[in-house]
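> Mind folding the following:
(2 chains)
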Amino acid sequence: MLGPLDYMIWLIGFLVEIGVVVYLITRKQAFRYFPICFYMLCDALVTWGQYYCVHHFGFESTTYVYFYYYTDSLLNVLMFWVIIKFYQETFAEMGVSKYIRGAAVMLILLTAVFSYAVVHQNRTHLTSHFVVEIGQNFYFVGVVLTYLLWGAILKLRETRTRLIQLVLALGIYFSADACTYALRNLFPGLEPNFLRWFPPLVGLWLPLAWAYTFTHIHDDARLEPARLMVRAR
Amino acid sequence: MIAALICVVSAAIFLQFFVSYCRSILASSRNIALSDRVREVTGIADQEVGADDFNRLLQLVRLCPERGDDQSEIRAVGTYYGLLAMLNRVSRPVAPRFAVWVEQERKSCSYFAAVALDRRISYSRDLFTQQITDRL
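Numbering: from 1, shown residues only, chains lettered A, B, ... in the order given. You can find the predicted model right below:
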């Protein structure tokens, strides 16, 4: 059963996602950040779709469960597009765009095949198990890709504050979600009372953090990334 | 086995991203010099902002009218400071070198709060000036 807090998280998430899209369009930056804009729009539609499913079929219904997991996987694939965009921005001067695109597509296909192979042995719950397994693996691939990107940003001494903050917010999002999915696989008993709060809160984090970055960090703001590294003095 | 590995690796990477994100917010205030006015109000006239001053400065920030655009960053840094305070208590007897780093980070958080206070004081003064001008 959903409470007022669930609905509030949904509403805030939906409004912030739409807010990011509107902000980028009004500032004429929608084309420049098109993957982000498109992702936020799709995320808002999915949020609305989830509300519709709960309202018409119920929170416990299989319709909602399948809608939730499969749209989550689709959003993850869209998110890879966003990551590719960040990679292209970071490596813009090196002219390696087509290699980045090819590698990303290969990685997505490999993740899907690997997830299918893992659950192939567990045929009795194939579909339901597959969506959780692929969710966990997609998020983990996202973590790895974002971590590699962060490494490249540090190595190439990328100084654009906006890009740095967008990537860091994405890293927090992916790692928190991958951790949550893994915990759900490890301890299914924690799901009803504890872990069920994590995906909506983490889902709220990303549009909030990106909205903050777009509205507060100017395009020409610069930052020394080495200062962000954790070092004991 | 795979799930356990993913869980541990993700948790470790999450912590690293979170710390870097908070530091990127703190970095924006690092190069801003504090005004004499805020030094006078907070009593940090000559010496640098202390690591333990954060909560006191945050209380002063909350006394000022909200600017509306700094709430989210103050909240993020507040969470980071809470995490650092906990790490400080745990690491001090066990890892002194790490404790030094934590102390530096807490100082940066306090400095960030002082800069936020400075901005809010300026904003309050602007509001006050505007009101006076409107009355005239």
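
> Only C-alpha atoms from now on, for both contacts and neighbour counts.
Noted.

> Output the lowest mean pLDDT helix or strand found in chain A.
In chain A, no helix or strand scores lower on mean pLDDT, DSSP states H and E than helix A:97-120, which sits at a mean of 75.

> does the next helix or strand after that helix come close to chain B?
Counting by DSSP states H and E, the element after helix A:97-120 in chain order, helix or strand, is helix A:126-155. Yes. Applying Cα under 8 Å from any Cα of the partner chain, one finds helix A:126-155 in contact with chain B at A:140, A:143, A:147.

> Would you mind confirming that the last one is in contact with A:L170?
No. The pair A:Y147 and A:L170 fails to qualify as a contact (Cα atoms under 8 Å) at a distance of 9.8 Å.

> which of the two has more neighbours?
Per other Cα atoms under 10 Å in any protein chain shown, whichever of A:Y147 and A:L170 has more neighbours is A:L170, with 25 against 22.

> Next, work out how far apart the more buried one and B:G78 are.
Here A:L170 is placed at a distance of 20 Å from B:G78 (Cα to Cα, to the nearest Å).

> neighbouring contacts of stretch B:24-38?
A:161, A:165, A:223, A:227-228, B:45, B:73, B:77, B:108-109, B:111-112, B:114-115, B:117-118, B:121 (Cα atoms under 8 Å, 6 or more residues apart in numbering or on different chains).

> swap the cut-off to 7 Å and go again
A:228, B:108-109, B:112, B:115, B:118 (Cα atoms under 7 Å, 6 or more residues apart in numbering or on different chains).

> Flag every buried residue along the lowest-mean-pLDDT helix or strand in chain B.
Least confident helix or strand of chain B, by mean pLDDT, DSSP H and E, is helix B:36-42 with a mean of 82. Within helix B:36-42, the residues that qualify as buried are B:38-39, counting by 16 or more other Cα atoms under 10 Å in any protein chain shown.

> near chain A, which residues of chain B show up?
B:3-4, B:6-7, B:10-11, B:13-14, B:17-18, B:20-21, B:23-24, B:97-98, B:100-101 (Cα under 7 Å from any Cα of the partner chain).

> Could you give the secondary structure assignment for B:R67?
Under DSSP: H, G, I helix; E, B strand; the rest coil, B:R67 falls in the coil class.

> now the strands: where do they sit in chain B?
Counting by DSSP state E, chain B has no strands to list.

> ignore the last one, chain A
Going by DSSP E, chain A shows no strands.

> residue ranges with poor pLDDT in it?
Counting by pLDDT under 70, the ranges of chain A that qualify are A:1, A:115, A:118-130, A:226-233.

> ok, now how distant is the residue nearest the centre of chain B from B:G50?
Centroid-nearest residue in chain B, with Cα atoms, centre = their mean: B:C109, separated by 3.1 Å. If you measure B:C109 against B:G50 using Cα to Cα, the figure is 10 Å.

> Please apply the same query to A:A178.
Counting by Cα to Cα, the gap from A:A178 to B:G50 is 37 Å.

> Next: B:L60.
B:L60 is 15 Å from B:G50, by Cα to Cα.

> With adjacent residues omitted, what lies nearest to A:Y87?
Setting aside the residues directly before and after it, A:Y87 is nearest to A:L149 in space (Cα to Cα, 6 or more residues apart in numbering or on different chains), at 6.5 Å.

> Just give me the neighbour total for the one you found.
Using other Cα under 10 Å: A:L149 sits among 21 other residues.

> measure it to A:Q88 for me?
Where A:Q88 is concerned, A:L149 sits at a distance of 10 Å (Cα to Cα).

> Next: A:L154.
In this view, A:L154 and A:Q88 are 15 Å apart by Cα to Cα.

> likewise B:A85?
38 Å.

> Could you do A:I12 as well?
31 Å.

> Now do the contacts for A:F34.
Applying Cα under 7 Å, 6+ apart, no residues qualify as near A:F34.

> what about the closest residue in space to B:A11 that isn't next to it in sequence, how many residues close to it?
Of all residues not flanking B:A11 in the chain, A:C179 sits nearest, at 6.1 Å (Cα to Cα, 6+ apart). Residues lying near A:C179 (other Cα under 10 Å) number 28.

> Now do the same contact list for A:C179.
Here A:C179 is in contact with B:6-7, B:10-11 (Cα under 7 Å, 6+ apart).

> at 10 Å instead, please
Shown in contact with A:C179 (Cα atoms under 10 Å, 6 or more residues apart in numbering or on different chains): A:136, A:139-140, A:143, A:185, A:198, B:3-14.

> Got a ChimeraX select line for the buried ones in the residues you listed?
The ChimeraX selection below is limited to those of the contacts of A:C179 classed as buried (16+ other Cα under 10 Å):
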select /A:136,139,140,143,185,198 /B:3,6,7,9,10,11,13,14
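
> Please, where are all the helices along the chain?
In the absence of a named chain, this looks at chain A. Counting by DSSP state H, chain A has helices at residues A:4-26, A:34-57, A:62-90, A:97-120, A:126-155, A:161-186, A:198-216.

> I was thinking of chain B, sorry if that wasn't clear
Assigned by DSSP H, chain B shows helices spanning B:2-30, B:36-42, B:54-63, B:71-94, B:96-135.

> and the last one, what other elements does it pack with?
The reference is to helix B:96-135. helix B:2-30, helix B:36-42, helix B:54-63, helix B:71-94 (3 or more Cα pairs under 10 Å, 6 or more residues apart in numbering or on different chains; DSSP states H and E).
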